[in-house]
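In: Below: sequence and its predicted model.
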Amino acid sequence: MLKLLAKIQAFRYDERGATAIEYGLIAAGIAVGISVVVFAFGDDLASLFTDMSTKVQERPS
């Protein structure tokens, strides 16, 4: 029983891989933020780029 408790305590204080997990969580948060912005403003951005494309194509040479 003491070996099990010692292993649990060692696992609790083991910080190997913690940085990788933190960076993964940061990347996931950024991805969620980008998704929210794209879904919120996606139609507006699409129409903006369509208008810009039309204006560039109509430009006299």
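Out: Sure, I can see it.

In: ok, which stretches of the protein are strands?
Out: Using DSSP state E, no strands are assigned anywhere in the chain.

In: Longest helix in it, please.
Out: Criterion DSSP state H: the longest helix present in the chain is helix 18-58.

In: pLDDT on it, on average?
Out: Mean pLDDT, helix 18-58: 92.

In: The residue positioned nearest the centre of the chain and Gly24: what is the separation?
Out: Geometric centre of the chain, nearest residue: Ala31, 1.9 Å, by C-alpha atoms, centre = their mean. Plainly put, Ala31 is 10 Å away from Gly24 if you go by C-beta to C-beta, to the nearest Å. Heads up, the C-betas are built off the backbone N, CA and C, glycines and all.

In: same thing with Gln9?
Out: Computed as C-beta to C-beta, the Gln9 to Gly24 distance reads 25 Å.

In: Check Thr50 too.
Out: Going from Thr50 to Gly24 by C-beta to C-beta gives 36 Å.

In: Just checking the distance from stretch 4-19 to the centre of its chain.
Out: Centroid displacement of stretch 4-19 relative to its chain, using C-alpha atoms, centre = their mean, to the nearest Å, is 28 Å.

In: cool, and stretch 29-47?
Out: 12 Å.

In: Repeat that for stretch 41-50.
Out: Centre-to-centre, stretch 41-50 and its host chain are 21 Å apart (C-alpha atoms, centre = their mean).

In: Stretch 2-13 too?
Out: Computed by C-alpha atoms, centre = their mean, the separation of stretch 2-13 from the middle of its chain amounts to 34 Å.

In: For it, output the C-alpha coordinates as PDB.
Out: Presented in PDB, the C-alpha positions along stretch 2-13 are these (Å, rounded to 0.1, in the frame of the first residue of the first chain):
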ATOM      1  CA  LEU A   2       2.800   2.400   0.800                       C
ATOM      2  CA  LYS A   3       4.400   1.800  -2.700                       C
ATOM      3  CA  LEU A   4       1.100   2.800  -4.300                       C
ATOM      4  CA  LEU A   5       0.900   6.000  -2.200                       C
ATOM      5  CA  ALA A   6       4.500   6.800  -3.000                       C
ATOM      6  CA  LYS A   7       3.800   6.300  -6.800                       C
ATOM      7  CA  ILE A   8       0.700   8.500  -6.600                       C
ATOM      8  CA  GLN A   9       2.600  11.200  -4.800                       C
ATOM      9  CA  ALA A  10       5.500  11.000  -7.300                       C
ATOM     10  CA  PHE A  11       3.100  11.300 -10.200                       C
ATOM     11  CA  ARG A  12       1.400  14.300  -8.600                       C
ATOM     12  CA  TYR A  13       4.700  16.200  -8.400                       C
END
